[in-house]
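K.L.:
Predicted model and sequence below, questions to follow.
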Amino acid sequence: MTMTYRAGTTASATLGTDDGLTINVPAGTSNGDGMVLIIVFQNAGETAPGGLSAWNADTQINGDGADISVYAYYRIASSEPASYSPTWTNARASACMISFYDDAAGTVTFDTSGVSTYASGTTHTNSAVTAGHANSFVVSVYGANEGSSRSYTASTLTERQEVASTVSLPGSMISADPQASSGTTGNKDGTYSGSVTGAGGILVFYAIANATIKTLAALGVGT
């Protein structure tokens, strides 16, 4: 069983008067896929957005120096709509969403997570967590304080989706890859093109094999 990245999308709300955004569900997302959504606000202590009751709220993190708020969510895809529209009041935000699946058509399941904050600098590090299962999928999410045309480069995982920051928009990124063995994920770094504060974390998923149910006739009973 191997976990594989499927697709991703991004969205942003660039005005301080914006009351939400709409982010599309990644193309090809199927029932049973894992999904992760990150929303980064340019406000400290931003209230959790509305309109996401179908998602599991994994964590909320205030960035070092309380410059931003980062919300991370996950869900297992089931009859997905074309998009989601989280709402809030008067805030700038960027958002990234990804989906991923198990090659053996197993059921994707959440394992564990951890959070980190970043002092002002260009290396933003999410501290290691422990994957409880082999063949996991490690997702690392990042949020960065707004800056002039700055962007992330994933250092230790494959970058999947990103919204670059501007003078009025915080930056966000999701990087992710499968991990063959259980145990520590190791720290996951994102290199930012400017020295800013931020926050993020790691989410880990695994897959459970789906049982195959056979009839008695298929098993040769009574024949």
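P.N.:
That came in fine, so what should we check first? Residues are numbered from 1 along each chain as shown.

K.L.:
Please pull up the helix or strand immediately following the helix or strand of the chain with the lowest mean pLDDT.
P.N.:
Least confident helix or strand, the chain: strand 56-62 with a mean of 78, by mean pLDDT, DSSP states H and E. Following strand 56-62 in sequence order, the next helix or strand is strand 69-76 (DSSP states H and E).

K.L.:
and the most centrally placed residue in the chain, what are its bridge partners?
P.N.:
Compute the mean C-alpha point of the chain, and by Cα atoms, centre = their mean the closest residue is Val36, 3.7 Å away. According to DSSP bridges, the partner residues bridging Val36 are Tyr74, Ile98.

K.L.:
isn't it right next to Tyr71, touching?
P.N.:
No: Val36 is not in contact with Tyr71 according to Cβ atoms under 8 Å; the separation is 11.4 Å. C-beta coordinates here come from the backbone N, C-alpha and C atoms, glycine included.

K.L.:
just to revisit the earlier point, which residues are in contact with the residue nearest to the centre of the chain?
P.N.:
Going by Cβ atoms under 8 Å, 6 or more residues apart in numbering, Val36 touches 72-74, 97-98, 139, 141, 174, 176, 203.

K.L.:
Kindly provide the distance from it to Gly171.
P.N.:
17 Å (Cβ to Cβ, to the nearest Å).

K.L.:
repeat for Phe41
P.N.:
Counting by Cβ to Cβ, the gap from Phe41 to Gly171 is 12 Å.

K.L.:
Check Ile39 too.
P.N.:
Distance from Ile39 to Gly171, counting by Cβ to Cβ: 12 Å.

K.L.:
Secondary structure element for the closest residue to His133 other than its chain neighbours, which one?
P.N.:
Take His133 and drop its neighbours on the chain: the residue closest to it by Cβ to Cβ, 6 or more residues apart in numbering is Tyr206, 3.8 Å away. For Tyr206, the element it lies in under DSSP H and E is strand 188-208.

K.L.:
In its sheet, which strands sit next to that strand, and in what direction?
P.N.:
By DSSP bridges, strand 188-208 pairs with strand 107-126 (antiparallel), strand 136-144 (antiparallel), strand 152-154 (antiparallel).

K.L.:
so for the last one, what's the average pLDDT?
P.N.:
Per-region confidence: strand 152-154 scores 92 on mean pLDDT.

K.L.:
Residues touching it, excluding its own?
P.N.:
The contact list for strand 152-154 (Cβ under 8 Å, 6+ apart) reads 124, 140, 142, 144, 159, 162, 164, 171, 173, 175, 189-193.

K.L.:
Considering these, which possesses the most neighbours?
P.N.:
Ala144 (33 neighbours; other Cβ atoms under 10 Å).
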